[in-house]
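>>> kindly generate the corresponding structure for this input.
(one chain, ligands or ions: 1)
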Amino acid sequence: MVTADNLRKNSPESKKLEFDLPAYLKERQKLVETALDKSIEIVYPDKIYQAMRYSLLAGGKRLRPILCLATCEMTGGNIEMSLPTACALEMIHTMSLIHDDLPAMDNDDYRRGKLTNHKVYGDDVAILAGDGLLAYAFEYVATHTQNVPPPQVLQVISRLGRAVGAAGLVGGQVVDLEMEGKTDVPLETLNFIHNHKTAALLEASVVCGGILASASPEQLQRLSRYSQNIGLAFQIVDDILDITATQEQLGKTAGKDQKAQKVTYPSLWGLEESKKQAQLLVEAAVAELETFGEQAKPLIALAYFITSRNN
Ligand code: GRG
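Just a heads-up that it's a prediction; the model follows:
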């Protein structure tokens, strides 16, 4: 059985999977960084483009674009077809982080190891930098996607819109804000928040990769279930890391959930049970990839990475 720990390079399980995840991540991160750097140039009014680039190019794992590229390749597409959507996903993710860090929301000073956007540019410009990134993400998919039939491009735009709006990130964030200060948040509400705030964009990352490659409806359903499972696992691990990791590892303030007495998976289940639940979700996600055979190795390795990561 391939598990999170033994995926490490040179472990017997890593050899069994015959997939070098660290090398893969390094190569894909570099590809995404280069594409993001090229995607936005600084023109007049310089300040807004600088603010957009400040957060977009501040690092991060680039998990959403990497998932999109990997899914597109697994279902018969290629990097060229999916790179604009991959960049758009990172623009959307980055804008959500900028707005999430604002004083009116989570009020954080650090993100990705750097001062948050509003700390550098002020609240007004940070709001606009988020808006600029969000609008540009859709423009970028529409204008830069090549070798994909227009109906598929339209489907991608529609999926992205749904993942971002009230049916996705925005809806999850609103319920999260409503639950602030409450200690009796039921599991169903916690799941609603994170299925929308976190899993929806991870699901769009995977499913859009499949749509661009013209995956079949059955394949898209499997991809949707895979990504919903890794999405929730990702959030459980995020809650665990808020307790167990340092600010240096996370690049943002650690221990925030406990300090704010926020209801999280570890606060409901405890640390050990939370780790077990995340592992079970990853196993369920990986089971959805069985029919994709050898081509599924990157997505399998990425699923296990979600529980083994330390930031
Ligand atoms: C989307 C229109 C619109 C508004 C934003 C603020 C907001 C509404 C939603 C909050 C979304 C949010 C911040 C969810 C948390 C998701 C999460 C676990 C982020 C951390 O992702 P990582 O670990 O970060 O992939 P890096 O820095 O590695 O990219």
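
>>> quick one: the helices in the stretch 51-200 of the chain, in order.
63-74, 79-101, 117-121, 123-144, 150-164, 169-178, 187-194, 200-212 (DSSP state H, counting those that start in this stretch).

>>> how far away is the closest residue in space to residue 164 that isn't next to it in sequence from residue 65?
Spatial nearest neighbour of residue 164, chain neighbours left out: residue 92 (5.8 Å); criterion: C-beta to C-beta, 6 or more residues apart in numbering. Placement of C-beta: from N, CA and C, glycine included. Distance check for residue 92 against residue 65: by C-beta to C-beta, to the nearest Å, it reads 11 Å.

>>> returning to that earlier point: count of neighbours near the residue nearest to residue 164?
26 (other C-beta atoms under 10 Å).

>>> for the closest residue to the ligand within the chain, give me its contacts.
Here the chain gets closest to the ligand at one residue, residue 60, 3.1 Å apart by C-beta to the nearest ligand atom. Going by C-beta atoms under 8 Å, 6 or more residues apart in numbering, residue 60 touches 90, 93, 94, 112.

>>> Provide a list of residues in contact with the second one.
Translated: residue 93. 60, 64, 201.

>>> repeat that for the third one.
By C-beta under 8 Å, 6+ apart, the residues touching residue 94 are 55, 56, 58, 60, 133.

>>> and the pLDDT for it?
Note on residue 94: pLDDT of 98.

>>> mind checking how far it is from residue 217?
For residue 94, the distance to residue 217 (C-beta to C-beta) stands at 31 Å.

>>> same check, this time on residue 115
According to C-beta to C-beta, residue 115 stands 45 Å off from residue 217.

>>> neighbour-wise, which of these two wins?
Taking neighbours as other C-beta under 10 Å, residue 115 and residue 217 compare with residue 115 leading, 16 against 6.

>>> that one is in contact with residue 98, isn't it?
No: at 11.9 Å, residue 115 does not count as touching residue 98 under the criterion of C-beta atoms under 8 Å.

>>> circling back to that earlier point, how about the contacts made by the residue nearest to residue 164?
Neighbour list for residue 92: 133, 134, 137, 160, 163, 164, 201 [criterion: C-beta under 8 Å, 6+ apart].

>>> just put those residues in a markdown table and tack on neighbour count, pLDDT and distance to residue 271.
A markdown table is the format used below for the contacts of residue 92 (neighbours: other C-beta atoms under 10 Å; pLDDT from 0 to 100; distance: C-beta to C-beta, whole Å):
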| residue | neighbour count | pLDDT | distance to residue 271 |
| --- | --- | --- | --- |
| 133 | 27 | 98 | 35 |
| 134 | 19 | 98 | 35 |
| 137 | 25 | 98 | 36 |
| 160 | 23 | 98 | 35 |
| 163 | 23 | 98 | 30 |
| 164 | 21 | 98 | 32 |
| 201 | 24 | 98 | 26 |
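
>>> state the pair within those that is farthest apart.
133 and 163 (14.8 Å; C-beta to C-beta).
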